[in-house]
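Colleague: Quick one: sequence plus predicted model below, questions after.
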Amino acid sequence: MIESFKQTIGGNAMEFCASIGEGPTPHRVIISRADSAETLVILDASGLISTIKAEIEEPDKLLSDAIRKAQSEGLIERALDTGAIQETSL
């Protein structure tokens, strides 16, 4: 499942995508640029509670929550500024 979203960064509206990482269970959300598929942020289910949440939560809610977290913590901007993939827990 993939969710597209827009975010204004530095006065420019940019398009991004959030997708659930491959695997038997949804333990990771990857946020990338829509135009280049460049990975910017990886939100990983670490720990028992995050893993359980990732397994039982609806995929669209999991993506929405991950997008909100990445935006509120400034992870997308930091990834674009530094050129380094930002990693955090779900």
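Modeller: Done, it's in.
Colleague: per-residue pLDDT, the most centrally placed residue in the chain?
Modeller: Residue closest to the mean C-alpha point of the chain, counted by Cα atoms, centre = their mean, is residue 31 at 3.8 Å. Confidence at residue 31, expressed as pLDDT, is 96.
Colleague: That one bridge partners, please.
Modeller: Note on residue 31: beta-bridge partners by DSSP bridges are residue 18, residue 41.
Colleague: Sketch out the low-pLDDT regions of the chain for me.
Modeller: For the chain, the stretches flagged by pLDDT under 70 are 23-26, 47-56.
Colleague: any idea where the strands of it begin and end?
Modeller: Here the chain has its strands, by DSSP state E, at 2-9, 12-20, 28-33, 39-44, 86-89.
Colleague: Now the ones you listed in a markdown table, please, with extra columns for distance to residue 64.
Modeller: Where C-beta positions appear, they are placed from N, C-alpha and C, glycine not excepted. Shown next, in a markdown table, are the strands of the chain (distance: least, Cβ to Cβ, whole Å):
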| stretch | distance to residue 64 |
| --- | --- |
| strand 2-9 | 7 |
| strand 12-20 | 8 |
| strand 28-33 | 10 |
| strand 39-44 | 12 |
| strand 86-89 | 16 |
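Colleague: on that earlier part again, can you pull the contacts of the residue nearest to the centre of the chain?
Modeller: Residues in contact with residue 31 (Cβ atoms under 8 Å, 6 or more residues apart in numbering) are 16-18, 39-43, 66-67, 70, 75-76.
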